[in-house]
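Visitor: Quick one, structure for this:
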Amino acid sequence: MHEKRWRSYAMTVNGLPQKIRYNEATVEGLFLPLLHRLAALQAEKGGRLLVFLAAPPATGKSTLLLFLEQLARQHEELTRVQPLGMDGFHHPNRYLETHTILRDGVEIPLKSIKGAPETFDVSELAAKLRAAKNGRTLFPVYDRRIHDVVADALTVDAPILFVEGNWLLLDEEPWRGLRPLADYSVRIDASAAFLRDRLIARKVQGGCSEAEALTFYEMSDARNVERFAAHAGAADEIWRMEPDGDFVRV
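Guide: All right, here's what the predicted structure looks like:
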């Protein structure tokens, strides 16, 4: 087995400069072929192409799409890709604070499970995706500085729109209605143990204690990881995230 050759890339993620790394063989053998397939599909269609990337939390979805956008720009034979996040379609905090859900027989505020499928405005997401397929439109974004949604913050205008999120392919209503809107879809799978470690580490990095991070994982993240694994839905292409952070096509 060949030793992996990792390469670092300077990028801006969520407004902050970051260095990320990908295996060179994965860039050449997985990422670029995907971009070539999408360029060919878009040319064949003649209109805007809508692509879904569905993956569980802590798989680096938004960073991956920013990298694919950058990669497409660097190859003139490829078609421009615009990364879009599903997080802008969270219900605003004021809604989450005033609406509840019954879970395990207990009524709890939606704010306490923010990120779960029930905390998104799926009908608005569907409407925006339909509008984006037919022409230039505005998308909301999720601002991590205020931890809330900002409406109409992003102009959507690229030939290939690549939308990422946990629940885009979820095999449950009302999410199931989104699947026909996608011209192509990619799903990333990862082991629950791997995701647990990454999610807890992410919380600790954000300022939580180890105990707080573990509690949050058990109350929120673990359920999302389990739900994705059980109901992620079919995709045109499936990748697996390896323990070293690399991706392989299944």
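
Visitor: Identify the residue spatially nearest to Asp87, adjacent ones excluded.
Guide: In space, and not counting its chain neighbours, Asp87 is closest to Tyr142: 3.6 Å by C-beta to C-beta, 6 or more residues apart in numbering. The C-beta positions use only the backbone N, C-alpha and C, and glycine is treated the same way.

Visitor: And Arg196, by the same measure?
Guide: Tyr217 (6.3 Å).

Visitor: Check Gly177 too.
Guide: Gly177's closest residue in space is Ala126 (C-beta to C-beta, 6+ apart), at 6.3 Å.

Visitor: Distance check, that neighbour against Ala234.
Guide: 19 Å (C-beta to C-beta, to the nearest Å).

Visitor: Please say which of these two ends up with more neighbours.
Guide: More crowded of Ala126 and Ala234, by other C-beta atoms under 10 Å: Ala126, with 17 against 10.

Visitor: Surely Asn93 touches Ser112?
Guide: No. With contact defined as C-beta atoms under 8 Å, Asn93 does not reach Ser112; the gap is 11.9 Å.

Visitor: quick one: low-confidence ranges for this protein?
Guide: Scanning the chain for pLDDT under 70 picks out the ranges 1.

Visitor: Strands along that one, start to end?
Guide: 6-13, 16-23, 49-54, 81-85, 100-103, 106-109, 137-143, 148-156, 160-165, 184-189, 237-241, 247-249 (DSSP state E).

Visitor: Out of these, which gets nearest to Gly207?
Guide: strand 16-23 (15.1 Å; C-beta to C-beta).

Visitor: buried residues in the closest one?
Guide: Across strand 16-23, burial judged by 16 or more other C-beta atoms under 10 Å covers Ile20, Tyr22, Asn23.

Visitor: how close does the last one get to Val81?
Guide: From Asn23 across to Val81, the span is 20 Å (C-beta to C-beta).

Visitor: Please point out which parts of stretch 146-153 sit buried.
Guide: Residues of stretch 146-153 classed as buried: Val149 (neighbour count, 16+ other C-beta under 10 Å).

Visitor: Work out the gap between that stretch and the centre of the chain.
Guide: For stretch 146-153, the separation from the chain centroid amounts to 17 Å (computed by C-alpha atoms, centre = their mean, to the nearest Å).

Visitor: For the protein, just list every one of the helices.
Guide: Assigned by DSSP state H, the chain shows helices spanning 24-26, 32-45, 61-74, 93-98, 122-134, 192-205, 210-216, 222-231.

Visitor: Tabulate those helices (a markdown table), appending distance to Leu181.
Guide: Formatted as a markdown table, the helices of the chain follow (distance: least, C-beta to C-beta, whole Å):
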| stretch | distance to Leu181 |
| --- | --- |
| helix 24-26 | 28 |
| helix 32-45 | 13 |
| helix 61-74 | 17 |
| helix 93-98 | 24 |
| helix 122-134 | 5 |
| helix 192-205 | 27 |
| helix 210-216 | 32 |
| helix 222-231 | 18 |
